[in-house]
Each structure stands twice: as C-alpha cells, then as structure tokens.
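**Student:** Give me coordinates for this.
(4 chains)
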Number of protein chains: 2
Amino acid sequence: MRERPYHHGNLRTALLEQAERTVRERGVQELSLRELARDVGVSHGAPRRHFPDRQALLDALAIAGFERLGSELREAMDGACEDFRGRVQATATAYIRFATRDAALLELMFAGKHQQPSGELQMAAESAFAVMLELIEQGQREGALDSGERERVGLVLFATIQGIAALVTGGMVAVEQVDELVADAIAHFLRGSHAAA
Amino acid sequence: MRERPYHHGNLRTALLEQAERTVRERGVQELSLRELARDVGVSHGAPRRHFPDRQALLDALAIAGFERLGSELREAMDGACEDFRGRVQATATAYIRFATRDAALLELMFAGKHQQPSGELQMAAESAFAVMLELIEQGQREGALDSGERERVGLVLFATIQGIAALVTGGMVAVEQVDELVADAIAHFLRGSHAAA
DNA sequence: ACAACAATGATGTCAACGACAACTTCGTGC
DNA sequence: GCACGAAGTTGTCGTTGACATCATTGTTGT
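**Tutor:** Numbers count the residues shown, from 1 in each chain, chains lettered A, B, ... in the order given. I've put the predicted structure just below:
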C-alpha cells in the first residue's frame, strides 16, 4: 500500500486550497503554516519551498481572490442583460455576496500589508476593478451617467459598494437588510449621476 | 535611587497607550503582549491582571478608538457652523483623517472578531455613529435631505465614507486624491438626496 | 544507461509568543 | 498589627515562523 509518495505532486495548489478553506472558516489570524502542512499531509518545512514566508502565502491567496472576484463580477455583469440599473445592481450584489461569503479573504486582499506591491498582485487587483470601470463606461454610453471622468464616478460607486460590504461584515447591518441597502444606494447613486437639474 | 516600584501605579492605562502607539506604527499583527510589557517596563505576566488575554486588550483598544472617533466626529461637525454640505464635508473629512491616521485601529474596531458583543464595545460604537445620525437629522430639518427613514439614508452616506476610507488605506487611492474624492462623493450624495425631480 | 544536478520534501533547531500556575510584594480594612 | 486581596514576578508548556541541513525524486546531457 502506497505510503504517500515523497513528492506530493502539486503541493502549492493543495496548500492554497486548504488555506482558503481555513481562512473562510476561521479567519486569517488562525491560519498557521504548520497546521496547513499537517492538513495537507506534509512536513512542517515543506510549504517553505513554495512560499518563503507566511506573507507570501497570504499574497498568493489575495491574488487568487482577486481573480475569483473579477470573474464573479464579470459573470454577474454579463448575465444581467437588462438596463444599466439592472447591471449595476447585479454587479453590486455579486460584490457583496463575495464580501459576505469570504469576508476574511476580502480583508486580506485589501490589507495594505503587501509591502511589496508585488506587481502580480497589483495586476490582479486592477483586473478585477476593470470590470467596474467597464460598467461605468457602459453607463456613460447609454446616457445613464454623466460623461465625467470615468475614474472619479467609478470610485464613488465602488467606494459605496465596498462600504456596504464593510458594514455587513462588521456586523453593523443585518444580512437581511443588505438587498434593501444596496437598492437604496444604487438609487441614490443614479439620481446623483446627472448634472444638476 | 528608586528601582521602579513594585506597583506600576496605573498599568492598564500605560498598556493601552503603548499598545495604541504600536498598533499605529506597526499594525495589529505586530502587537505582542510580551513586547508591550517590556516597553512599559513590567514583567511579561503582568498584563494578564488587566487583560485576561490578547483579545481583551484588542477589545479595549477598539472601545477607546470608538470614543476618540466619536469625539473627533462631533468636534468636526460642531466646528463647521456653515450649511449642511459644509458639515457633511467636515465630518466626512474627519472620518477619513481618522481612518488614514489610524488605519490599523479602525480595522480593529470593525473586525467582527469580537465574539462577545461585549456590550460596552457595542455601546461605544453606537455612540460614535450617533454623530452621523444627528447629522442626517439636521439635514432633514434643513430640507437638504428627503425625510425618508433616517437610518437608511444615513447608512448610504456612512457606507460611502467608510468605503472611501477603505480605498485609501488599501492603497487604491492616493492620499492626495482624497479630498477630491470626498467632495465628489458628497456632491453625488446630495444630488441624489431629493425625490426624483 | 547513468551520472550530475535541480527541485521538492523531511527533520531538527531556535527564539518568540500566549496562556497558565505558583509565588511575592504591597496596601488596606478590620 | 494582622489577615487578606490586588497587583506584579517568575517559571513553564505547547505552538508557531523562520532557518539550516539532509534525503529523495525527476530531469538533462552525454
């Protein structure tokens, strides 16, 4: 019977997957390299080959998180083929869903602790936020938004959504109130998006 | 010459002050009870008399943070005796200033990790946010805001501000852009605050 | 085929940490 | 003036992250 082979085969991925699971269930704080190694069935020194230190693991988790967030956002946006408001609502809801399901992961992604912008992480983040910018662009083409600088309007929208996520994960807003709050915020945003009457 | 006396005199306060300093300079993660004790000139077991475990210290830090945040917000709001927009802007700016100066502390306050709502912490948080609600109330009295449910409008505003803070501390918005972004967001908010034209 | 060689994993060690227990010093009320 | 409790000290245990060294495997050039 095969004692587990010397080479795990694909340890890096296994570590990332188990890490994401642990982070989701028990938070970043509780994530321990050694426990991770035990869970995956490998010695405590093994992870070091793939992640020189704990922060490197966290950075990799953040990158994976941004990639997943980006595709969920894009999927939501593309799926809602209705009007602009519908797309905004769908995208925002997808963001909040991600934020509530993976609160600890999102916190990790936002943590400015990445002393090295690390390039790759920055790319992943920008790629995820690009979806938001596309959304704004569409809105401007359809005339639902003023054609001011895209980034400025986009930032306001993005900040609002991120803020709602923070309120929810911080426990200041009950989960049942989320949809209502998102709807309120979007209505507010759209009303404010045309030059003064 | 007085070897330092056996009793520190007021260790609890000294610990909290040093802890806040350390958190501001090096983040929550780097905060160690033992190092704290060394910094204050006391043995590694001493803090335990005042904080049964690390989380208790963090909770106390969060409470102090909410109290400070609350008074800074109130001060900003009361100081700006101009129109409603000016008060909103002043309060929002004060919030962002707190968030950038004490990013790690704010993260700590928002962390849902307080398994025990702990009563006292909840009270401190509500007391800080009460300032925001007062602001909204004033706006409604002055007719600058629709008189919808206060909490809903307030939440949208608060979420936006908190979101901007997150963007800044997450490094996604440069510090120089903050004032502009806040102004944009508030303009957006106020334009959206009247029932459809 | 086979000998380097690099990649990957295992093992051992170290300092630091948080939690806990046992002991000591101090101040206060009876 | 004494007993008692609050506040601080010392020692210990198990865990952790980082590092160094060793073992096993896969690959590559000849």
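**Student:** how close does the residue nearest to residue A:24 when sequence neighbours are not counted get to DNA strand C?
**Tutor:** Leaving aside its sequence neighbours, residue A:24 sits nearest to residue A:102 (Cβ to Cβ, 6 or more residues apart in numbering or on different chains; 5.8 Å). Placement of C-beta: from N, CA and C, glycine included. The gap separating residue A:102 from DNA strand C is 25 Å, by Cβ to the nearest atom of the strand, to the nearest Å.
**Student:** Could you tell me the model confidence score at residue A:102?
**Tutor:** For residue A:102, the model assigns a pLDDT of 96.
**Student:** give me every residue that touches the closest residue to DNA strand C within chain A.
**Tutor:** In chain A, the residue found nearest to DNA strand C is residue A:45; the distance is 2.2 Å by Cβ to the nearest atom of the strand. Going by Cβ atoms under 8 Å, 6 or more residues apart in numbering or on different chains, residue A:45 touches residue A:37.
**Student:** Check the spacing between it and chain B real quick.
**Tutor:** Residue A:45 sits 23 Å away from chain B, taking Cβ to the nearest Cβ, to the nearest Å as the criterion.
**Student:** Then residue A:8?
**Tutor:** 29 Å.
**Student:** Now do the contacts for the residue nearest the centre of chain A.
**Tutor:** The residue lying closest to the centre of chain A (Cα atoms, centre = their mean) is residue A:69, at 4.3 Å. The contact partners of residue A:69, by Cβ under 8 Å, 6+ apart, come to A:95, A:98, A:106, A:109, A:128.
**Student:** now do 10 Å
**Tutor:** A:94-95, A:98-99, A:102, A:105-106, A:109, A:124-125, A:127-129, A:131 (Cβ atoms under 10 Å, 6 or more residues apart in numbering or on different chains).
**Student:** One more: residue A:11?
**Tutor:** A:37, A:40-42, A:46-47, A:49-50.
**Student:** JSON lines please, covering those residues and showing pLDDT and distance to residue B:28.
**Tutor:** Shown next, in JSON lines, are the contacts of residue A:11 (pLDDT from 0 to 100; distance: Cβ to Cβ, whole Å):
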{"residue": "A:37", "pLDDT": "97", "distance to residue B:28": "25"}
{"residue": "A:40", "pLDDT": "96", "distance to residue B:28": "28"}
{"residue": "A:41", "pLDDT": "96", "distance to residue B:28": "32"}
{"residue": "A:42", "pLDDT": "97", "distance to residue B:28": "30"}
{"residue": "A:46", "pLDDT": "97", "distance to residue B:28": "29"}
{"residue": "A:47", "pLDDT": "98", "distance to residue B:28": "24"}
{"residue": "A:49", "pLDDT": "97", "distance to residue B:28": "29"}
{"residue": "A:50", "pLDDT": "97", "distance to residue B:28": "26"}
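**Student:** Just the buried residues from those, in PyMOL please.
**Tutor:** Burial among the contacts of residue A:11 is assessed by 16 or more other Cβ atoms under 10 Å in any protein chain shown; the matching PyMOL selection reads:
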select buried, chain A and resi 37+40+42+46+47
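**Student:** Could you pick out which of the contacts of residue A:11 are located in helices?
**Tutor:** Mapping those onto helices (DSSP state H) picks out A:37, A:40.
**Student:** Would you mind putting the contacts of residue A:11 into CSV with distance to residue B:24 alongside?
**Tutor:** Compiled in CSV, these are given as follows (distance: Cβ to Cβ, whole Å):
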residue, distance to residue B:24
A:37, 34
A:40, 37
A:41, 41
A:42, 38
A:46, 37
A:47, 31
A:49, 36
A:50, 33
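**Student:** Quick check: closest non-adjacent residue to residue A:96.
**Tutor:** What sits nearest to residue A:96 in space, not counting adjacent residues and going by Cβ to Cβ, 6+ apart, is residue A:165, at 5.5 Å.
**Student:** tell me the contacts of the one you found?
**Tutor:** A:92, A:95-100, A:103, A:106, A:110, A:173, A:178, A:182, B:159, B:162-163, B:166.
**Student:** List buried residues within these.
**Tutor:** A:92, A:95-96, A:98-99, A:103, A:106, A:110, A:173, A:178, A:182, B:159, B:162-163, B:166.
**Student:** residue ranges with poor pLDDT in chain A?
**Tutor:** Across chain A, residues meeting the criterion (pLDDT under 70) sit at A:1-4, A:6, A:113-117, A:195-197.
**Student:** repeat that with 50
**Tutor:** Within chain A, the segments meeting pLDDT under 50 span A:1-2, A:196-197.
**Student:** which residues in it form helices?
**Tutor:** Counting by DSSP H, the helices of chain A are A:11-26, A:33-40, A:54-79, A:84-101, A:103-110, A:120-141, A:150-169, A:178-191.
**Student:** Which neighbouring elements make contact with the last one?
**Tutor:** Which is helix A:178-191. Using 3 or more Cβ pairs under 10 Å, 6 or more residues apart in numbering or on different chains; DSSP states H and E as the contact test, the elements touching helix A:178-191 are helix A:84-101, helix A:150-169, helix B:150-169, helix B:178-191.
**Student:** Would you reformat these as TSV and include distance to residue B:60?
**Tutor:** What follows is the helices and strands packed on helix A:178-191, written out as TSV (distance: least, Cβ to Cβ, whole Å):
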stretch	distance to residue B:60
helix A:84-101	28
helix A:150-169	22
helix B:150-169	22
helix B:178-191	30
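**Student:** can I get the ones you listed in TSV with distance to DNA strand D?
**Tutor:** Shown next, in TSV, are those (distance: least, Cβ to the nearest atom of the strand, whole Å):
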stretch	distance to DNA strand D
helix A:84-101	24
helix A:150-169	23
helix B:150-169	23
helix B:178-191	32
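**Student:** List, one by one, the residues from chain A near DNA strand C.
**Tutor:** A:6-9, A:11, A:37, A:42-46, A:48-50 (Cβ under 7 Å from any atom of the strand).
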